[in-house]
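Novice: Provided below are the primary sequence and the corresponding predicted coordinates.
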Amino acid sequence: MERTLRLYLASMGLLISTSCGFPRPQDVCIQSQDCERGMTCDLATNMCITTTTDAGIHCILDDECESRVCQLDGLCALAQDILYVDPVGIAAGECTSVAPCELYYATTLISPKRFLVRLGNGVYQLDSGLVVGVLVSDLTIVGGRSAVLQRTTSGPVLEARDGATLTLRGVSLNKGVACSNFAHLNVSRVSFSNPGNEQDPWINLNMCSTATVTDSDLLDSLSNGINAAFGGELTVIGSRITGSATNGVNSTGQRLIIIRSTINGNQYLGVRASVQTLTIHRSTVSSNRGGGISGTGGIFDITNNFVFRNGNDTNSEFGGLRLDTNLPGNRVIQNTIVRNDSNPLANPLYAGGFFCRGGGSFVNNLIVNNFAGAADQHNAQIGGTCDLTGSQISNEDVTSKFVSPVALPFNYHLADMSSRAVNSGIIGPAPETEDFDGDLRNDGSPDVGADELKP
């Protein structure tokens, strides 16, 4: 791919431009039918891959390469194409692996051939954020978890703007990252923690075209864990978002996809979404004080999730799951919704367990022992107008036979074959062929809920 590059330093920080491609949202898959012909869905990554093996692909992690940078195509980058940086590097030279440079100096050497930055271990204390923007090539920054990016002032430590593409992989951040004005952001295996007094979200998206967060930890934000506003598509895969002062994920974008992720212990909602399409698959949403998942408007595809112990009886409008739309075509299938709570005096009054409006398929959900201040409240389990035929709804969870329903660590997988949920499901429209763990539901009638118990 031909790259052109213009680089300059401005008062707001470093401006780097990019026009390189970015993994398309349609590459994200839940099952092989989502992929183009000749490709299959890798359930370990939820990405479409070719069905043939390329013998030239020989790296997954950066440290598997002698150059310490693995490219997105699975090939190790050449050392001469990489800018090597160290916290005590010098502001001179060619930024080689044996003579690494200081970070700001290294950026002045970026060219169409050298756009990869490898950070050495240590703390990088920046006076202002590094900003990527204005129509040129992509910038990739990689390193280990011991490479820590900090900023002395408030605001993001890295930002992509104006159609740029920023890829950040493997490092640790004590300040957030941002994406705006139709840029693209790719965050993988990054640790966000120790925000100090920073009030911004860990990841802040404002008219960001596409953002993907993979295998990352976003801990203890003093705001939202991720905030996505004004369009664009956000995909979260295999990540953990916990301890946020407000919502785990807050999105008013075009599309939100959450796969194989854990969203728990946030002070408001686990997921607050007002988007055109909301997909949550094989994820755990738990112990979020304001409620679990709220989706308003759009179309929902919520399958194979554990949603438990969300909400509270003091100020929570709903407990586990609130999906409110007037559109058809929704799928809310094979979810376990248990021991969530809500305020019985809330106005409007939603369910402690699952509130739903809209058309579509809502079969095989296990909705048990949820509360609305007290288990005998009329809206403790369900509310709304959705047809829940094929789902199990009960004020108790004893007959569900969960592994650990009351003692830490909570585990709402099915414990044994005597569970009332085993083989109790129906084959509805667009059924789920695997469960939360990726186990096939191929032993007759599916079990109700997110777990398919294997005999």
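Specialist: That came through fine.

Novice: the residue nearest in space to the middle of the chain: what's it in contact with?
Specialist: The chain has residue 236 as the residue nearest its centroid, 2.1 Å off, counting by Cα atoms, centre = their mean. By Cβ atoms under 8 Å, 6 or more residues apart in numbering, residue 236 lies in contact with 212, 213, 214, 226, 249, 257, 258, 259, 261. (Glycine included, C-beta is placed from N, CA and C.)

Novice: dump those residues to CSV, plus distance to residue 312.
Specialist: Output for the contacts of residue 236, formatted as CSV (distance: Cβ to Cβ, whole Å):
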residue, distance to residue 312
212, 32
213, 28
214, 31
226, 23
249, 19
257, 28
258, 23
259, 27
261, 23
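
Novice: let's see which of those residues end up in strands.
Specialist: 212, 213, 214, 226, 249, 257, 258, 259 (DSSP state E).

Novice: are any of those residues buried, and if so which?
Specialist: Buried residues within the ones in strands among the contacts of residue 236, counting neighbours by 16 or more other Cβ atoms under 10 Å: 212, 213, 214, 226, 249, 257, 258, 259.

Novice: just the strands in the stretch 351-455 of the chain please.
Specialist: Secondary structure of the stretch 351-455 of the chain (DSSP state E, counting those that start in this stretch): strands at 354-357, 360-361, 366-368, 382-384, 392-394, 402-404, 411-414.

Novice: compute the distance between residue 298 and residue 355, please.
Specialist: 16 Å (Cβ to Cβ, to the nearest Å).

Novice: who's in contact with the closest residue to residue 333 other than its chain neighbours?
Specialist: Nearest residue to residue 333 in three dimensions, chain neighbours excluded: residue 303, at 4.9 Å (Cβ to Cβ, 6 or more residues apart in numbering). Going by Cβ under 8 Å, 6+ apart, residue 303 touches 30, 280, 281, 282, 331, 332, 333, 334, 335, 432.

Novice: at 6 Å instead, please
Specialist: 281, 333, 334, 432 (Cβ atoms under 6 Å, 6 or more residues apart in numbering).

Novice: ok, the third one - contacts?
Specialist: Shown in contact with residue 334 (Cβ under 6 Å, 6+ apart): 303, 304, 364, 432, 450.

Novice: now rank those residues by neighbours and give me the top one.
Specialist: residue 364 (31 neighbours; other Cβ atoms under 10 Å).

Novice: my guess is that residue meets residue 388, correct?
Specialist: No. Counting by Cβ atoms under 6 Å, residue 364 stays clear of residue 388, with 9.6 Å between them.

Novice: listing partners with orientation, what would you give for the strand ranked longest in the chain?
Specialist: Ordering each strand of the chain by length in residues (DSSP E) puts strand 82-90 first. Applying DSSP bridges, strand 82-90 is found paired with strand 101 (parallel), strand 116-119 (parallel).

Novice: how about these in JSON lines, adding mean pLDDT?
Specialist: Shown next, in JSON lines, are these (pLDDT from 0 to 100):
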{"stretch": "strand 101", "mean pLDDT": "96"}
{"stretch": "strand 116-119", "mean pLDDT": "96"}
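
Novice: ok, residue 147 - contacts?
Specialist: Contacts for residue 147 (Cβ under 6 Å, 6+ apart) come out as 119, 121, 171.

Novice: got the contact list for the second one?
Specialist: Each residue near residue 121 by Cβ under 6 Å, 6+ apart is listed here: 144, 146, 147.
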